[in-house]
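J.: mind looking at a prediction? Sequence and model below.
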Amino acid sequence: MECRYYQRLENGKVECQLCPHHCHIADGKTGICRSRRNCGGVLISEVYAKPCALAIDPVEKKPLYHFHSGTTCLSIACTGCNFRCLNCQNYDISQVSPEQVDYYKLNPEEVVTLCKKHHCPGIAYTYTEPLTYIEYIIDCARLAHEAGLWNILVTAGYVCKKPLADLLPYLDAANVDLKSFSDDIYLRVSGGHLQPVLDTILAMKDAGVWVEITNLIIPGVNDDMDMIRQMCRWLSDNGFANSPLHFSRFFPRYKMQEIPPTPLPTLKAAKQVAEEEGIKYVYLGNVV
Ligand code: SF4
Ligand code: SF4
């Protein structure tokens, strides 16, 4: 499937304009997300209609706590991510190329049919970074809406404004992973920047998408309470006081094996800070 959001450059390269990396991709190569390849000057999404993971989940697992609680969704994921988080829980599908894992062949019509067959009221695009296969999401999400199904995005939110604007009319809810409130930490831990994520959160809210925020607290990395306070104040000041905020507990994963799990007092301190800053619904995740 030919990608949207790119332009041809000199010397056979193309520039992908889907996310702020703006990868310049030589012929035969892929961008940072590993799933968009320059094939003779045409940018191809190599994961279109090739999900590597399918499951039925409670919406609370996304996590979405204030969006049709008690219902399920058909979770779907293709390989790839435009971040490189050192703590990635799903690195086996997010940090690989499409050909390195098994996948299903499922066109958008079949995704909707599968969702209805399992009596799920919605589809969740999740587990990896769904925005890196936005063409597939848009096609699935449009058909899902026509069939009366919801569309849920679970994302780190690193995307350019135009593609996001094209997707927003089809989104009903999103959980956005706000990894820290520091550009330096974003760069060191995930290989990206903070501001585009904030822009995504604001654009979702402006478009009427139900937004919940997740902040995974990693000891010694992003557990500074002053920074957490700044993040909560930004959320409060920008109209997210009624949006659930999920502080999630870190466990050693991937390239962060030496860091211990987040102490419970740290999570409780963050919750208190958030409540002091006016966030009304603060939840602690991964604590049982
Ligand atoms: S979506 Fe992928 S190929 Fe496109 S700019 Fe982002 S990382 Fe690069
Ligand atoms: S954004 Fe999510 S899927 Fe991507 S590397 Fe980070 S934790 Fe993994």
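T.: Now that the structure is in, tell me what you want to look at. Ligands and ions are numbered 1, 2, ... in the order given.
J.: you'd agree Lys280 is up against Ala241?
T.: Yes: Lys280 lies in contact with Ala241 (Cβ atoms under 8 Å); the separation is 5.8 Å. Every C-beta, even on glycine, is put in place using the N, C-alpha and C of the backbone.
J.: of these two, which one has the most company?
T.: Shown here are Lys280 and Ala241; by other Cβ atoms under 10 Å, Ala241 has more neighbours (16 against 13).
J.: what is the burial count for Gly148?
T.: 10.
J.: now it: which helix or strand?
T.: Assessed by DSSP states H and E, Gly148 sits outside every helix and strand.
J.: now the nearest residue to Pro121 once chain neighbours are set aside: how far from ligand 2?
T.: Spatial nearest neighbour of Pro121, excluding adjacent residues (Cβ to Cβ, 6 or more residues apart in numbering): Thr71 at 5.3 Å. Between Thr71 and ligand 2 the distance, using Cβ to the nearest ligand atom, to the nearest Å, works out to 24 Å.
J.: likewise for Leu153?
T.: 13 Å.
J.: I'd like the numbering to begin with 16 instead of 1 from here.
T.: Sounds good: first residue 16 from here, last item Leu168.
J.: who touches that residue in this structure?
T.: Ala139, Tyr140, Thr141, Pro145, Leu146, Ile152, Leu182, Leu186, Ala188, Ala189, Asn190 (Cβ atoms under 8 Å, 6 or more residues apart in numbering).
J.: what distance do you get for the first one to ligand 1?
T.: Using Cβ to the nearest ligand atom, one gets 20 Å for the distance from Ala139 to ligand 1.
J.: how about the last one?
T.: Spatial separation of Asn190 from ligand 1 under the definition Cβ to the nearest ligand atom is 20 Å.
J.: paired strands for the helix or strand containing that residue, with orientation please.
T.: According to DSSP H and E, Asn190 maps onto strand 188-192. With DSSP bridges as the test, strand 188-192 is paired with strand 165-170 (parallel), strand 225-232 (parallel).
J.: wait, does the next helix or strand after it contact ligand 2?
T.: Next in sequence after strand 188-192, counting helices and strands by DSSP H and E, comes helix 198-200. No: residues of helix 198-200 are not located near ligand 2 by Cβ under 6 Å from any ligand atom, the shortest gap being 12.6 Å.
J.: what comes into contact with the strand holding Asn190?
T.: Residues from elsewhere that reach strand 188-192, judged by Cβ under 8 Å, 6+ apart: 77-79, 82, 165-172, 212, 215-216, 219, 224-231, 261.
J.: stretch 153-164 too?
T.: Contact with stretch 153-164 is made by 91, 123-124, 126-127, 130-131, 135-138, 140, 165-166, 181-182, 185-186, as judged by Cβ under 8 Å, 6+ apart.
J.: so for it, mean pLDDT?
T.: Per-residue pLDDT over stretch 153-164 has a mean of 98.
J.: alpha carbons of it, as CSV, please.
T.: Provided in CSV are the C-alpha atoms of stretch 153-164 (Å, rounded to 0.1, in the frame of the first residue of the first chain):
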residue,chain,number,x,y,z
ILE,A,153,-7.9,5.3,8.8
ASP,A,154,-9.4,2.7,6.4
CYS,A,155,-10.4,0.4,9.3
ALA,A,156,-11.7,3.3,11.4
ARG,A,157,-13.9,4.7,8.6
LEU,A,158,-15.5,1.3,8.1
ALA,A,159,-15.8,0.8,11.8
HIS,A,160,-17.8,4.0,12.2
GLU,A,161,-20.0,3.1,9.3
ALA,A,162,-20.8,-0.1,11.2
GLY,A,163,-21.5,1.7,14.4
LEU,A,164,-18.2,0.6,16.1
